[in-house]
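[1] Give me a 3D structure for the following:
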Amino acid sequence: MRPFRHRRLAAVVTLATVLVTAAPPTAAGADDSGNRRAGYHRVGYFTQWGIYGRAFPVKKLDTSGAASRLTHLNYAFGNVSEDGRCFVDGGPGEGDAWADYQRPVPAQESVDGVADAWGEPLNGNFGQLAKLKAKHPDLQVLISLGGWSWSTYFSNAARTDASRKAFVASCIDLYLKGNLPVLDGGSGGPGAAAGVFDGIDLDWEWPNWPGEPGNVVRPEDRRNFTELVAEFRRQLDAYGRTTRKHHPLTAFLPANPAAMDAGYEGREIFRYLDFATVQGYDFHGAWDPVTNQQSALRVPSGAPDNPDFSAEVAIDGWLARGAPREKLVLGIPYYGRGWTGVSGSGNGLFQPATGPAPATFEAGYEDYRQLKTLAGNGFTVHRDLRAGHAWLFDGTTFWTYDDPAVVLQKTLYIRRAGLAGAMVWSLDGDDDNATLTRTIGLGLATP
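    The predicted structure is shown next:
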């Protein structure tokens, strides 16, 4: 690293330290004296579909340096069937078994440089994850169940004691024991994926609260979610007695206080979870008629909505509901939200817009690795240092996003608040040097 980069990084660290320590303490920030962790969770989501348009194979986690800076890797996603079972299916909208474990990965995309042969028991992403774990034995890999699109039938799975037992057993059998369905050509089979996954991440979006249209939602989801995590803990512990390992159980939790109250028994669920990741993004987007922040650390001054969302509001919300701070992991986005047709004056923030900004894969949504190229290329970077967010504006188009300075500020907030660590959605949004993941590694490094 060249000397000028050392100086620039040191300046960012100093600035972020000042910003965090100078901020007035809140419920999350008032624990500076006695609750610093000896180590931090650094959790990254790897998307099943990232191997396609984003050209992000598992190998990039190794070559970019990201894997060595993560403690947990969540594979997104596993599906839940209408009758409440974990399943793998290549049907439209149901899954992508080809990407998961059937696709022969060529040598140039393989973690160890060895190409897959057609019909091997474990090809695709699962096979590459096994190779990645061999190179990084301290990395734990979890299967994340649900997500926005596949939470449709979580309520069915959690509804009764019998359905919970059957659902959990099916997930452990499929993913931890690795008993994969046999596909055309021969991939899969009993034990084919054994050892790939260490645990389970529950990404039910959301119990007793609207998510994607069509989701099954019941008032009893709130209590049933607690019973579900308890059942997962019981069966994972029983399985662990046979493997002589602890199998982690985590959950992704919302930022919206109303969703917290509707769907979760805050203190109770943490009896069974190793930790929970808290949504730290999607606070605003092109569904709003005016530009705004999507992932600010604190609510900005002059924000048009009251109350409003922020990372601090989300963390404080969970603390107020009995969550232990040492089990809360703050989510950080590797993407931005954007508007175009922005009118008004000034720097573009809180101004009317006509709709979502054009983008590579989805209007109004762009990866950090693309957004970083806009700075100085017709766009100006703006910052609200106290609120902890940044945005890009060219006079017409506006992007709210997290760059390394914002990410570093958030890691220092995590340290001061005594939280458990950071989570990112998703790793394929970072650049080829894993700049954001390296920043998290720096900010959460332990002596």
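[2] roughly how far apart are residue 393 and residue 357?
    Per Cβ to Cβ, to the nearest Å, residue 393 is found 11 Å from residue 357. Placement of C-beta: from N, CA and C, glycine included.
[3] list the residues that contact both of those two?
    Counting by Cβ atoms under 8 Å, 6 or more residues apart in numbering, the residues touching both residue 393 and residue 357 are residue 399.
[4] where exactly do the helices run in the stretch 301-447 of the chain?
    Taking DSSP state H, counting those that start in this stretch as the test, the helices found in the stretch 301-447 of the chain are 311-320, 368-371, 404-417, 435-443.
[5] which other helices and strands contact the first one?
    Spelled out, it's helix 311-320. Other helices and strands packing on helix 311-320, by 3 or more Cβ pairs under 8 Å, 6 or more residues apart in numbering; DSSP states H and E, are helix 257-263, strand 275-278, strand 328-333, helix 404-417.
[6] Need those in CSV (columns: distance to residue 96 and mean neighbour count).
    Converted to CSV, these look like this (distance: least, Cβ to Cβ, whole Å; neighbours: other Cβ atoms under 10 Å):
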stretch, distance to residue 96, mean neighbour count
helix 257-263, 28, 18
strand 275-278, 23, 25
strand 328-333, 23, 25
helix 404-417, 30, 24
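[7] As a markdown table, the helices of the stretch 301-447 of the chain with mean pLDDT and distance to residue 60 would be great.
    Supplementary listing: the helices of the stretch 301-447 of the chain in a markdown table, determined by pLDDT from 0 to 100; distance: least, Cβ to Cβ, whole Å:
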| stretch | mean pLDDT | distance to residue 60 |
| --- | --- | --- |
| helix 311-320 | 98 | 27 |
| helix 368-371 | 98 | 11 |
| helix 404-417 | 98 | 19 |
| helix 435-443 | 98 | 11 |
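[8] Out of these, which is closest to residue 244?
    helix 435-443 (29.8 Å; Cβ to Cβ).
[9] Now find how far off-centre that closest one is within its chain.
    Helix 435-443 has its C-alpha centroid displaced from the chain centroid by 15 Å (Cα atoms, centre = their mean, to the nearest Å).
[10] For it, which outside residues touch it?
    By Cβ under 8 Å, 6+ apart, the residues outside helix 435-443 that reach it are 9, 13, 16, 42, 44, 64-66, 69-70, 332, 334, 368, 372, 402, 404, 407-408, 410-412, 414-415, 422, 424, 427, 429-430.
[11] Next: stretch 349-362.
    Defining contact as Cβ under 8 Å, 6+ apart, one finds that stretch 349-362 is touched by 53-54, 285-286, 289-293, 300, 302-304, 338-345, 363-367, 370, 382, 384, 391, 393, 397-399.
[12] for the protein, longest strand please?
    For the chain, the strand with the greatest residue count under DSSP state E is strand 72-80.
[13] Tell me the helix or strand right after the lengthiest helix in the chain.
    For the chain, the helix reaching the highest residue count under DSSP state H is reported as helix 221-243. Using DSSP states H and E, the helix or strand that directly follows helix 221-243 along the chain is strand 249-253.
[14] Pairing partners for that following strand, with directions?
    strand 199-203 (parallel), strand 275-278 (parallel) (DSSP bridges).
[15] Pull the residues that contact the first one.
    Strand 199-203 is touched from outside by 74, 76-77, 140, 142-147, 151, 171-172, 175-176, 228-229, 232, 236, 247-252, 274, 277, with contacts defined as Cβ under 8 Å, 6+ apart.
[16] residues of stretch 74-91 that come out buried?
    74-81, 84-86, 88 (16 or more other Cβ atoms under 10 Å).
[17] Restrict it to CA atoms and write it as CSV.
    Included here for stretch 74-91 are C-alpha records, laid out as CSV according to Å, rounded to 0.1, in the frame of the first residue of the first chain:
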residue,chain,number,x,y,z
ASN,A,74,-25.1,-16.9,4.7
TYR,A,75,-26.2,-18.6,1.5
ALA,A,76,-29.3,-17.0,0.1
PHE,A,77,-31.7,-18.7,-0.1
GLY,A,78,-33.4,-21.9,0.8
ASN,A,79,-37.1,-22.3,0.0
VAL,A,80,-40.1,-23.4,2.2
SER,A,81,-42.9,-25.4,0.5
GLU,A,82,-46.6,-24.9,1.0
ASP,A,83,-46.7,-27.9,3.3
GLY,A,84,-44.0,-26.5,5.4
ARG,A,85,-40.8,-28.3,4.4
CYS,A,86,-37.3,-27.2,3.2
PHE,A,87,-36.9,-28.3,-0.4
VAL,A,88,-34.8,-27.8,-3.5
ASP,A,89,-36.6,-27.6,-6.8
GLY,A,90,-35.6,-26.2,-10.2
GLY,A,91,-39.1,-25.2,-11.1
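[18] and it, what's its mean pLDDT?
    Mean per-residue pLDDT for stretch 74-91: 96.
[19] now swap in stretch 299-310 and tell me
    For stretch 299-310, mean pLDDT is 97.
[20] for the most centrally placed residue in the chain, what are its contacts?
    Ranked by distance to the mean C-alpha position of the chain (Cα atoms, centre = their mean), the top residue is residue 425 at 3.7 Å. With Cβ under 8 Å, 6+ apart as the criterion, the residues that contact residue 425 are 45, 281, 331-335.
[21] which stretch among the helices and strands packed on helix 311-320 comes nearest residue 162?
    In terms of Cβ to Cβ, the element of the helices and strands packed on helix 311-320 nearest to residue 162 is helix 257-263, at 21.8 Å.
[22] C-alpha coordinates for that closest one, CSV please?
    Taking only C-alpha atoms (Å, rounded to 0.1, in the frame of the first residue of the first chain), the coordinates of helix 257-263 have been written out as CSV:
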residue,chain,number,x,y,z
PRO,A,257,-40.7,-1.0,15.3
ALA,A,258,-44.3,-1.9,14.2
ALA,A,259,-43.1,-5.1,12.6
MET,A,260,-41.0,-5.9,15.7
ASP,A,261,-44.1,-5.7,17.9
ALA,A,262,-46.4,-7.5,15.5
GLY,A,263,-44.1,-10.5,14.9
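[23] How far off centre is that helix?
    Relative to the chain's own centre, helix 257-263 is displaced by 19 Å; criterion: Cα atoms, centre = their mean.
[24] and if you look at stretch 230-237?
    Relative to the chain's own centre, stretch 230-237 is displaced by 23 Å; criterion: Cα atoms, centre = their mean.
[25] Pull out the buried positions in that stretch.
    Within stretch 230-237, the residues scored as buried using 16+ other Cβ under 10 Å are 230-233, 235-236.
[26] mean confidence score for it?
    According to the model, stretch 230-237 has a mean pLDDT of 99.
[27] can you list the residues that contact that stretch?
    164-165, 168-169, 171-172, 176, 199-200, 202, 247, 249, 271-273.
[28] gap between residue 337 and residue 324?
    In this structure, residue 337 lies at 31 Å from residue 324, with Cβ to Cβ as the measure.
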